[in-house]
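Engineer: Kindly generate the corresponding structure for this input.
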Amino acid sequence: MVRACRGLSALLLVSILAACSSSPTIESDLGISGAPDWVNEGTQAVDNDDGRFVFGVAFAPPLNDESLQTSTADTRARAEVARMVSTYIDHTLDDYAASTGDTATSSIQQTLSSSTQTVLNGAKIKGRWKDKNSGNIYSFAEMDMKALDDAITTAGKLSQNFKQYYQQKANANFDRFMKETE
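Structural biologist: Numbering: from 1, shown residues only. Here you go, the predicted model:
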């Protein structure tokens with residue numbers, strides 16, 4: 001009996017260790033057949049010949065009201081843009097504080113948040129797609145980072161030091177941000 005319990009315990013231990021060592025396979029995109037590329041690529045930061053952009057992609061499940069469903073998908077796509085831009089601003093502010101030793105970052109952060117919110121209101125819905133199988137409506141929001149750059153460099157409450165830092169580092173910070181969000 002003791003031998004059977006030890007054998008069972010050993011088998012259980014091996015099973016637990018094997019389960020812990022396996023890693024899940026994660027798809028890099030949704031892989032929805034027939035969907036536009038932007039649906040499967042999802043939310044991302046992009047730098048191409050047209051400029052630097054943040055794309056937000058989101059969906060809303062079927063609701064009793066298609067207008068409400070569309071509005072929900074649009075709002076969620078804009079929220080994805082806001083989440084990405086907020087992360088970008090946080091990284092930029094952290095880099096600025098680290099490189100300059102400026103401890104007055106709370107006032108800078110408040111002004112940046114205000115400027116960013118103004119720009120985010122201009123995030124445009126560029127496309128929608130309805131999945132015939134699931135009934136989900138997908139929305140694609142776009143924000144041109146040039147609008148954010150302009151808002152930051154013209155913000156009256158930001159120090160000239162921060163504005164200069166931002167102008168000098170904006171492209172490099174965005175490139176690094178793109179790599180981090182891939």
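
Engineer: For Thr100, which residues are in contact?
Structural biologist: Neighbour list for Thr100: 161, 165 [criterion: CB atoms under 8 Å, 6 or more residues apart in numbering]. Any C-beta I mention is one placed from the backbone N, CA and C, and that applies to glycine too.

Engineer: pLDDT score assigned to it?
Structural biologist: Reported pLDDT at Thr100 in the predicted model: 77.

Engineer: How about Met178?
Structural biologist: Looking at Met178, the pLDDT reads 83.

Engineer: what's the helix or strand for it?
Structural biologist: Under the criterion of DSSP states H and E, Met178 resides in helix 160-181.

Engineer: now for that helix, which elements pack on it?
Structural biologist: Applying 3 or more CB pairs under 8 Å, 6 or more residues apart in numbering; DSSP states H and E, we find helix 160-181 packed against strand 44-48, helix 66-100, helix 145-154.

Engineer: longest strand anywhere in the chain?
Structural biologist: strand 51-60 (DSSP state E).

Engineer: In terms of secondary structure, what does that strand contact?
Structural biologist: Using 3+ CB pairs under 8 Å, 6+ apart: strand 51-60 touches helix 37-41, strand 44-48, helix 66-100, strand 137-144, helix 145-154.

Engineer: ok and the last one relative to strand 44-48, angle-wise?
Structural biologist: Using axes from the mean of the first three to the mean of the last three CA atoms, to 10 degrees, the inter-axis angle of helix 145-154 relative to strand 44-48 is 90 degrees.
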